[in-house]
Structure formats: structure tokens, C-alpha cells
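>>> give me the fold of what follows.
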Amino acid sequence: MAKCPLCGSSLDWAELINQMIEKGLNEETLKDREKFLASFRGFVFKCPHCGEEFYGRNLPEKEAEKVFELLNEFKGSIDWEKGKVRLRLNSLLALDTMLEKWDEKMRG
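Residues are numbered from 1 along each chain as shown. The predicted structure follows:
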């Protein structure tokens, strides 16, 4: 799971995406993987724990890709009027990772 590169605290992916929405992330960008990832890499996030700022490129890109997929897979995952993510992204990412590991183990 994503951690602040400065203080090491766990980060909430929904909060990170909410920060992007507040600064102009729109539906069009969210539907295009490359636009989303480019925007994510260059975005300056603020850690809710230590208050320091850091670039998205310092976070795990594989998780960012999964977040992109989850947000596009679930209709209504973002309340655009309120500018908030409705999904519990960290829980869904953890479940996805568990299922991937289980699948790898079963395939041997």
C-alpha cells in the first residue's frame, strides 16, 4: 500500500484522488489511462499526516494503475457534484492483491 515518501505513513488512495479532483481532475482524464497516469505522476500531493508535499511519481505506479481500473470499473465511483470518491479504494486494492497472490499460488 502507498506510503508517504517523507514520513512513511499509510496513505488513503481515495484521499489522494480527492486531492486530484479538487485541483481539476475531470471525467475525460479519468477515462484515458495515459492521461491519468501522466497527471498522477506530475501531481503534487499533500500528506494528511505530516503536511509535506510530494510528487505522485514517488508512489507505487502499479497501485495507481489499479486505482484507475477500479474507478473506471465501478459506475458512480466518483460523486462529481461533491468532488469525492465513493469507493473504499484501499480495501479494494488489498482484496485485489490478495486474489492475485492466491491465483499465483493456485497456478503453482
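>>> off-centre distance for the one helix or strand in the chain whose mean pLDDT sits lowest?
Least confident element among the helices and strands of the chain, by mean pLDDT, DSSP states H and E: helix 89-107 (a mean of 90). Its chain's average C-alpha position is 16 Å from that of helix 89-107, according to C-alpha atoms, centre = their mean, to the nearest Å.
>>> need the contact list for Leu25.
Leu25 makes contact with Ile17, Ser39 under the criterion C-beta atoms under 8 Å, 6 or more residues apart in numbering. C-beta: built from backbone N, CA, C; applies to glycine.
>>> where does it sit: helix, strand or coil?
Counting by DSSP: H, G, I helix; E, B strand; the rest coil, the backbone at Leu25 sits in coil.
>>> tell me how far it lies from Asp103.
31 Å (C-beta to C-beta, to the nearest Å).
>>> what of Phe74?
Taking C-beta to C-beta, one finds Phe74 at 21 Å from Asp103.
>>> okay, these two: which has more neighbours?
Neighbours were tallied for Phe74 and for Asp103 using other C-beta atoms under 10 Å; the higher tally belongs to Phe74 (12 against 9).
>>> test my guess that that one contacts Leu89.
No: with contact defined as C-beta atoms under 8 Å, Phe74 does not reach Leu89; the gap is 10.1 Å.
>>> list of residues touching the strand or helix carrying Phe45?
Element membership of Phe45, judged by DSSP states H and E, is strand 44-46. For strand 44-46, the external contacting residues (C-beta under 8 Å, 6+ apart) are Leu16, Gln19, Glu52, Glu53, Phe54, Tyr55, Gly56, Leu59.
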